[in-house]
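> Requesting a structural model of the entry that follows:
(one chain, ligands or ions: 1)
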Amino acid sequence: MVSLAIEGLGVRYGRTQILTDITTPVIHDGSIIAVIGPNAAGKSSLFRRIAGLAAGEGQVHIEGVPDGEQALVYLPQDTSASAALTVFESVVLAAKQGRSLKVTAEELERIDELLDSLRITSLASRYLAELSGGQRQLVGIAQSLIRRPHILLMDEPTAALDLHRQMEVLSLVRRLADERRMIVMIALHDLNHALGYCDQALAISQGRMHRFGPCATIIDEHLLEQVYRVDGHVERNSLGQPQVVLKGPLL
Ligand SMILES: Nc1ncnc2c1ncn2[C@@H]1O[C@H](COP(=O)(O)OP(=O)(O)OP(=O)(O)O)[C@@H](O)[C@H]1O
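Presented below is the predicted three-dimensional model:
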């Protein structure tokens, strides 16, 4: 069983401390954690620190990853690609990262299946530079999923997607977390997505952890007021699901 725990994590850019003392309990496989908070709260910086791409104090504990398997993949917010590759070639390269370039029939089949799950098969032979922002975001998601990580950090992976695609991608991520027992940390601005698809939420405000816990407990009117400075509340909709209802920004 793979697990992840974050202990006293901080991030510094040069002399500027951006994030301080982020600590979580042990996160077990199959969990999706929504990383929430306003612009510039430090969500991307947290991901960069967990992925080993930013300096700072604290520890990231990852346990239980079998030898030779991909422990962690970080899908950044900005996945704009300038390489002269087709969609299919870029996913093959992602699949082969750091390993021999021989592509097996089984790997090609997995890539086909993944492109199909993301409904981007028709883009396979298109060049990355020719894609729309949303199409590029879907390719980035394919590149991260094809590597079959045990822990996947996704930074606002649905920001450029239409409503239908947002729901498809989040449902796919939920299914893969359940089936592959993947741990997913996903930065989201839409709190209803956190309530609908994630197990727990890590709320960050001004570079510090506000709260960590089950989404339905963390996302409430106090969070809306204190962290987001908006007037609103959470209520059950006609389907019985919790949903954020916003009245307006607080002055
Ligand atoms: N490379 C960098 N050097 C210096 N400061 C940085 C760097 N990257 C980010 N910052 C600063 O760190 C703070 C947190 O940025 P970060 O991108 O982590 O926020 P975020 O919560 O992901 O925001 P958003 O929701 O807007 O994407 C911001 O004030 C930002 O200006």
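
> Arg136 contacts Leu128, correct?
Yes: using CB atoms under 8 Å, Arg136 is in contact with Leu128, at 6.7 Å. Where C-beta positions appear, they are placed from N, C-alpha and C, glycine not excepted.

> pLDDT score assigned to Ala84?
Note for Ala84: predicted pLDDT of 85.

> which residues touch it?
With contact taken as CB atoms under 8 Å, 6 or more residues apart in numbering, Ala84 is in contact with Tyr127, Ala129.

> And it, how far from Pro249?
44 Å (CB to CB, to the nearest Å).

> can you check Gly232 too?
Applying CB to CB, the value for Gly232 to Pro249 is 10 Å.

> now Ser117
Look at Ser117 and Pro249: by CB to CB, they are 38 Å apart.

> so the residue nearest the centre of the chain is in which element?
By CA atoms, centre = their mean, the chain has its centre lying nearest to Met154, at 2.1 Å. Element membership of Met154, judged by DSSP states H and E, is strand 151-155.

> Partner strands of that strand and their direction?
According to DSSP bridges, strand 151-155 forms sheet pairs with strand 72-75 (parallel), strand 183-187 (parallel).

> how about the CA coordinates for the first one, as PDB?
So the one you mean is strand 72-75. Extracted in PDB, the C-alpha atoms of strand 72-75 (Å, rounded to 0.1, in the frame of the first residue of the first chain):
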ATOM      1  CA  LEU A  72       5.200  10.500  -8.500                       C
ATOM      2  CA  VAL A  73       4.200  12.600 -11.500                       C
ATOM      3  CA  TYR A  74       3.600  16.400 -11.400                       C
ATOM      4  CA  LEU A  75       1.300  17.900 -14.100                       C
END
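
> Gln17 - nearest residue in space that isn't next to it in sequence?
Nearest residue to Gln17 in three dimensions, chain neighbours excluded: Gly10, at 6.5 Å (CB to CB, 6 or more residues apart in numbering).

> do Asp155 as well
Asp155 sits nearest to Gln77 (CB to CB, 6+ apart), 4.2 Å away.

> Would you mind giving the secondary structure of Ala216?
Recorded secondary structure, Ala216: helix (DSSP: H, G, I helix; E, B strand; the rest coil).

> check contacts around the spatially closest residue to it that is not a sequence neighbour.
Spatial nearest neighbour of Ala216, excluding adjacent residues (CB to CB, 6+ apart): Pro242 at 5.4 Å. Listed by CB under 8 Å, 6+ apart, the contact set of Pro242 reads Leu195, Cys215, Ala216, Ile219, Val234, Glu235, Arg236.

> let's go with 10 Å and repeat that
Counting by CB atoms under 10 Å, 6 or more residues apart in numbering, Pro242 touches Leu191, Asn192, Ala194, Leu195, Gly196, Cys215, Ala216, Ile219, Asp220, Val234, Glu235, Arg236.
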